[in-house]
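> Predicted model and sequence follow; I will ask about them next.
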Amino acid sequence: MNLHEYQARALLKAAGVPMLDGDVASTPTEAESIARRIGGTVVIKAQVHAGGRGKAGGVKLARNPSEAADEAAQILGMTIKGLDVHKVLVVPAAEIVTESYVGLIMDRETQRPVFMVSSAGGVDIEEVAAKTPEKIVRMPIDPTFGLYPHQALRLAFVLYRDFTQVKAAAKIMAQLYQAFVDNGASLAEINPLITGPDGRVLALDAKIVIDDNELFWRPDLGVLRDDSAELPSEAAARRANLSFIKLDGDVGCVVNGAGLAMATMDLVKFYGGEPANFLDIGGSSSPEKVIAALKIITADPHVKAILFNIFGGITRTDDVASGIVAATSQFKVDVPIVIRLTGTNEAEAFRILGGVGMTALSDMDEAVERVVRLAREAA
Amino acid sequence: MNLHEYQARALLKAAGVPMLDGDVASTPTEAESIARRIGGTVVIKAQVHAGGRGKAGGVKLARNPSEAADEAAQILGMTIKGLDVHKVLVVPAAEIVTESYVGLIMDRETQRPVFMVSSAGGVDIEEVAAKTPEKIVRMPIDPTFGLYPHQALRLAFVLYRDFTQVKAAAKIMAQLYQAFVDNGASLAEINPLITGPDGRVLALDAKIVIDDNELFWRPDLGVLRDDSAELPSEAAARRANLSFIKLDGDVGCVVNGAGLAMATMDLVKFYGGEPANFLDIGGSSSPEKVIAALKIITADPHVKAILFNIFGGITRTDDVASGIVAATSQFKVDVPIVIRLTGTNEAEAFRILGGVGMTALSDMDEAVERVVRLAREAA
Amino acid sequence: MSVFADAGTRLLVQGITGREGSFHSRQMLEYGTRIVAGVTPGKGGQTFEGTVPIFNTVADAVADTGANTTVIYVPPMAAAAAIIEAADAGIPLIICITEGIPVMHMSRAMPFVRSRGVRLIGPNCPGLITPGTRTKVGIIPGNICSPGRVGLVSRSGTLTYEVVNHLTRSSIGQSTCVGIGGDPIIGTNFIDCLRAFQDDPATDAIVMIGEIGGTDEQSAAEFVRASVTKPVVGFIAGQTAPKGRRMGHAGAIISGASGTAEEKLAAFEAAGIGVMRRPVEVVELLRARL
Amino acid sequence: MSVFADAGTRLLVQGITGREGSFHSRQMLEYGTRIVAGVTPGKGGQTFEGTVPIFNTVADAVADTGANTTVIYVPPMAAAAAIIEAADAGIPLIICITEGIPVMHMSRAMPFVRSRGVRLIGPNCPGLITPGTRTKVGIIPGNICSPGRVGLVSRSGTLTYEVVNHLTRSSIGQSTCVGIGGDPIIGTNFIDCLRAFQDDPATDAIVMIGEIGGTDEQSAAEFVRASVTKPVVGFIAGQTAPKGRRMGHAGAIISGASGTAEEKLAAFEAAGIGVMRRPVEVVELLRARL
């Protein structure tokens, strides 16, 4: 789950990371009063889950409260990379002497949190990584032992020579690491970490991504989710515990397992069709999930035919069959449904479907070929 | 540093360990009002750093507030194993169904905290350990990983069969472990851990010993020290950063290093003398420490002669010499002093002593023989 | 012969009385797996299906039954602790089926698992099955498998069944099928399995099923090139997935230039791995190599 | 030859600019020890005594100077972190002089030290000295030592000097003298040193100096009986200490029945170790055995 900058700031601030005062606003009036409280020139920053906000015009300077209101009004009406801006962050404009990058990711390869720091901060760190990887120092941290003081110090020495700044940065490394661990993050970064004319080290912008698996037992983090930052169908799917991604085709897909779901999409393409979505109902699926999945897919007017591709392992195919029967009795599905079921409890599943006059196939290629043909016929 | 029961209770309570309500009193009136607040029969417990309080009459039942005042008055006037009772703990009298022992020690051999639990609690656990060691289950905990849930559960299953009690005890194990680690303890125990008629699991008595090395950076724990529980000379030595133990002989000893100090005592005995104390001025000693050491030793009227035995390594013998010179110029020392100095900066040390007409020996046996003879002559 | 699980497997089931645990334990028993014990704290002393003794702790279960393999079905929030409990009890092979374990939990559990020198398969995986000895540990449907000499390793669950199904229907039996799981942090990777199959005298050819995201398939291809003499055929799911979107589980994400299907397929081809464009092609590719 | 430190020692000093660190670094340099680097964070780029380069981190120092041994003089609250930093930088031999480190810190540091496979001597120890190569690491006064063929290991600091002094004055030189420290948790124990001396061709006899408290001397005696063929003489300090009182450092406490001087001396005698009743007796006991 992506956090907005203002949310990430709050988590880092709670961990003790020094940063400029600032607050979030939903209206121009709010932005104005925050700007008045702060005094002087402020920056108004769009709070959307998208990179390149500056280039898109989502970050503006305002020299006084009334300019702040105007700029906030402008930005609050914007759409950046398809996402509506509902909130802006108002912070003092900082005089910047140096800009660094400090990031922490959960790394697959080392299976542990990895620090990445670079004195080339403030710009797109991925560009730095691609063009001048030697400018990024990486350090894996063993979560068993945590971040040791000497590790924080070594990272800080990458960024600064002045020992006061080194000590300040080392402290921030420790605070960032703690925030990362305590909030079950998969990414936490400060970019840029700046020094001002007074030599102070401050975090200017923050980004945190929370591991979705943490949310189950961390309702305090779950409430940070901004539903308005997602497509309605994707938000609905998430609430139903479905992995769903909207695509541009016309063949709706309901599959169990991410790998099989991707292979199904690949096969739809192979047979000349275009998938309308990626949808994984997950391992232990209930009839309710199937109903929710059908509702979400049939809400998409582009969908011309729907394919169920279920290979039962931990998923019981009879549960899926019951779900299909229940859904089609609850609401009318206007497009043809092709069902492929095999595996755990498949005899029972075929019996359930047969009970309402539905049939199912056992072969994936056969099912995909048929649903692609039906979609093409309907188009 | 030993904590009193009421202090240990406070630390465990802060960690979440369930225990009966209760409070500490310094006067019979305070005890009376606590007893009134609690209601019913209470237990009045002497707060002294000594085992066997019950047998010494330091733990009494009181059926009402006025009895509580009477018993508190009695106990507050007692001396248990040489220690005056200044405080009593007043707690409700518990109805006990089962009594267990739960302890955590920092273990030399495994170099880690070790849990010891036994369903034979409530009595002297050292007796259980000696007579029926199979009744104590030991489990070392790797502090890198901390106490895992399954370890807490295994320990709890040693004590209880009822799963509700097992879960409650496992939680207490985790809380005890956290309190142990967070407070830098070398020992933390609950004895007894009881179940009452309602089945609840409660800590009835608590004991915590803090590692002295923690106190330097933990002033919050340092304030828990009860100076009145020590001999005045030992308290003075501790404040001067000296390791000092009062003994019954007449040869005062000032030595650097615990091993050499013990060997010096052994040699005093070997030559027919009796050491008046163990005193280690430590590794990096300053003249101030020497002055403090001399003051403490000369305050003991039994001391008939004083031996300095200093082998310089990290200790600079010239610092010690300066300290002896400064001390003897500040106050009169009525008993003879035998000085043995060798090692780091010894030439300078001899020069300093020579400057005030003092001499020193280089050989330990020679010095010990001489001080024993001088003490015997003075006796 | 086979890898990881065989006739010598004495299986413990952690979470045997839960919904998933009890369902799949019955399936494993029916298939023929020797389940010697179950663990559910607080239910020690009871039995499962009248035959399998239940213990309060893994240590008790191991002491009493000599279990040498464990399969974990406990809920996500307790699963990493269950892995650690099993490792602490000295069980040399741990298979964790549970999906949805926080990655931070796994990041903390792995150093412990490694410190005990035990093998973890998963989490978020379907487990493994050795049809020749009727040994199933996990959730792979037994009825789609058949004894034979093809080893299979996969990051995916259901996609594995799809491929195994094609093999069985074409009378190509399997030595062992292993699902390693698609989570960011897993205990056993492609290379571990490839090495085991290479060393297994009962395996003649290997099928590996990967997906987009990460670089495990590329490393595995390099390992095949350098150290595997048996024929290998491979599949990559997500060839048509839009870039930069996360597909279902954390494994399936394309970050930056790394981990695209094209890259992985190129690595397969460079290593001499036969590339399946559709799951069904596994049959003809293997036939051509056996 | 010798143990742990010799002509190949390239020494780093952690805390080289502090009061104790600078004093003893000068002493070590004077004695002849090759100090190749110092570490004091924030003073990187400076030099100590005009010759020894100072670095901000141990990793920098190792990269630049190839230091293979480190000695730690930093204050107690930072000392465990300094041990960990040295181990993390891959220095195979760490000597920690610092006294007063919280035991919990050491309990956390030791698993890290072991995970890196490095040797820690101390903490709260005087270090070691090999007179034959003029290599001194720590605070043992060089002037009391002389080259020779007796190895010495001790839990005590100054008591060690006392014994070494007797040896030197009687023309019995030392191969290496090691102080292992008296804290509850130490990195290197008696047995580690006995094994090293037994294996060292330059050592003909061994002196071990223990004290009351704990069971290390008993275990060491058992090791001597089983595995040491060279003559060993031993001393136990605290024979007259009152029971149940803590003497100076945590090592010297008699808890329960275990760790009394009588017990330890009995173990020594049972193992054929020559027992010194006074430090000075080390000379005649060794002479009788050499």
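Arrived safely, thanks for sending. It should be emphasised that the depicted structure is a prediction, and the values quoted were computed from it without experimental measurement.
> quick one: A:Lys171 and A:Leu153 touch, right?
No: contact criterion C-beta atoms under 8 Å: A:Lys171 and A:Leu153 do not qualify, at 10.0 Å. Using the backbone N, CA and C atoms, a C-beta is placed for each residue, glycine as well.
> Which of the two has more residues huddled nearby?
A:Leu153 (24 against 18; other C-beta atoms under 10 Å in any protein chain shown).
> That one sits in which helix or strand?
helix A:149-159 (DSSP states H and E).
> Who are the packing partners of that helix?
strand A:98-107, strand A:112-118, strand A:137-140, helix A:163-182, helix D:58-65, helix D:76-88 (3 or more C-beta pairs under 8 Å, 6 or more residues apart in numbering or on different chains; DSSP states H and E).
> Could you export these to a markdown table, including columns for distance to A:Val17 and mean pLDDT?
Output for the helices and strands packed on helix A:149-159, formatted as a markdown table (distance: least, C-beta to C-beta, whole Å; pLDDT from 0 to 100):
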| stretch | distance to A:Val17 | mean pLDDT |
| --- | --- | --- |
| strand A:98-107 | 10 | 94 |
| strand A:112-118 | 15 | 95 |
| strand A:137-140 | 19 | 94 |
| helix A:163-182 | 5 | 98 |
| helix D:58-65 | 25 | 98 |
| helix D:76-88 | 22 | 97 |
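> Near A:Ala93, how many other residues are there?
A:Ala93: 14 neighbours (other C-beta under 10 Å).
> Any stretches of the chain with poor pLDDT?
You didn't say which chain, so I picked chain A. Within chain A, the stretches with pLDDT under 70 are A:123, A:284.
> that's the wrong chain, I wanted chain C
Applying pLDDT under 70 to chain C flags residues C:1, C:243-258.
> Strands of that one, residue ranges please.
C:11-14, C:35-39, C:47-48, C:52-55, C:69-72, C:93-96, C:119-121, C:127-130, C:135-138, C:147-154, C:174-179, C:205-211, C:232-237, C:274-275 (DSSP state E).
> Please save the CA atoms from the helix holding A:Leu153 in PDB.
C-alpha atoms of helix A:149-159 as PDB (Å, rounded to 0.1, in the frame of the first residue of the first chain):
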ATOM      1  CA  PRO A 149      25.600   2.300  15.100                       C
ATOM      2  CA  HIS A 150      28.700   1.800  13.000                       C
ATOM      3  CA  GLN A 151      26.600   0.900  10.000                       C
ATOM      4  CA  ALA A 152      24.600   4.100  10.400                       C
ATOM      5  CA  LEU A 153      27.800   6.000  10.700                       C
ATOM      6  CA  ARG A 154      29.300   4.500   7.600                       C
ATOM      7  CA  LEU A 155      26.200   5.400   5.600                       C
ATOM      8  CA  ALA A 156      26.300   8.900   7.000                       C
ATOM      9  CA  PHE A 157      30.000   9.300   6.000                       C
ATOM     10  CA  VAL A 158      28.900   8.500   2.500                       C
ATOM     11  CA  LEU A 159      26.900  11.700   2.500                       C
END
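> Show residues contacting that helix.
A:98, A:100, A:102, A:115, A:117-119, A:137, A:139, A:141, A:165-171, A:173-174, A:177, A:193, D:41, D:44, D:56-59, D:78, D:81-82, D:84-85, D:88 (C-beta atoms under 8 Å, 6 or more residues apart in numbering or on different chains).
> make it 6 Å
With contact meaning C-beta atoms under 6 Å, 6 or more residues apart in numbering or on different chains, helix A:149-159 is reached by A:100, A:115, A:117, A:119, A:137, A:166, A:169-170, A:173-174, D:41, D:56-57, D:81, D:85.
> one step back: nearest to chain A, out of the strands of chain C?
Nearest to chain A, of all the strands of chain C, is strand C:232-237, at 4.0 Å by C-beta to the nearest C-beta.
> Could you break the chain into its assigned domains?
Since you didn't name a chain, this refers to chain A. Using automatic domain parsing, the domain parsing of chain A gives A:21-92, A:98-222, A:231-378.
> could you do chain C instead?
C:11-121, C:140-289.
> Mind checking those for the one nearest to chain D?
domain C:11-121 (8.0 Å).
> That closest one near chain D at all?
No: Domain C:11-121 does not reach chain D (C-beta under 6 Å from any C-beta of the partner chain); its nearest approach is 8.0 Å.
> Surely C:Ala261 is in contact with C:Ile236?
Yes: using C-beta atoms under 6 Å, C:Ala261 is in contact with C:Ile236, at 4.8 Å.
> From the chain's centroid, how far away is stretch C:129-145?
With C-alpha atoms, centre = their mean, to the nearest Å as the basis, stretch C:129-145 stands 11 Å off its chain's centre.
> For it, measure first residue to last.
8 Å (C-alpha to C-alpha, to the nearest Å).
> just to revisit the earlier point, now the strands of chain C in TSV, please, with extra columns for distance to A:Asp365.
Shown next, in TSV, are these (distance: least, C-beta to C-beta, whole Å):
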stretch	distance to A:Asp365
strand C:11-14	35
strand C:35-39	36
strand C:47-48	40
strand C:52-55	40
strand C:69-72	32
strand C:93-96	31
strand C:119-121	30
strand C:127-130	24
strand C:135-138	26
strand C:147-154	19
strand C:174-179	21
strand C:205-211	17
strand C:232-237	14
strand C:274-275	18
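> Close to chain B: what parts of chain A are there?
Chain A has residues A:Thr144 near chain B, with proximity defined as C-beta under 6 Å from any C-beta.
> Next to chain D in this structure, residues from chain A, please.
A:145, A:148-150, A:153-154, A:157, A:163.
> From those, list the buried ones, please.
A:145, A:148-150, A:153-154, A:157, A:163 (16 or more other C-beta atoms under 10 Å in any protein chain shown).
> center of chain C, which residue is that?
Residue closest to the average C-alpha location in chain C (C-alpha atoms, centre = their mean): C:Gly179, at 2.7 Å.
> Can you tell me, leaving aside adjacent residues, what's nearest to that one?
Closest residue in space to C:Gly179, ignoring its immediate chain neighbours: C:Pro126 at 3.8 Å, by C-beta to C-beta, 6 or more residues apart in numbering or on different chains.
> same check, this time on A:Tyr177
A:Tyr177 sits nearest to A:Leu147 (C-beta to C-beta, 6+ apart), 4.3 Å away.
> The one you found against A:Ile141, yeah?
Yes: counting by C-beta under 6 Å, A:Leu147 touches A:Ile141, with 5.4 Å between them.
> if we can go back for a sec, now render the domains of chain C as a markdown table, adding distance to D:Arg169.
Formatted as a markdown table, the domains of chain C follow (distance: least, C-beta to C-beta, whole Å):
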| stretch | distance to D:Arg169 |
| --- | --- |
| domain C:11-121 | 50 |
| domain C:140-289 | 62 |
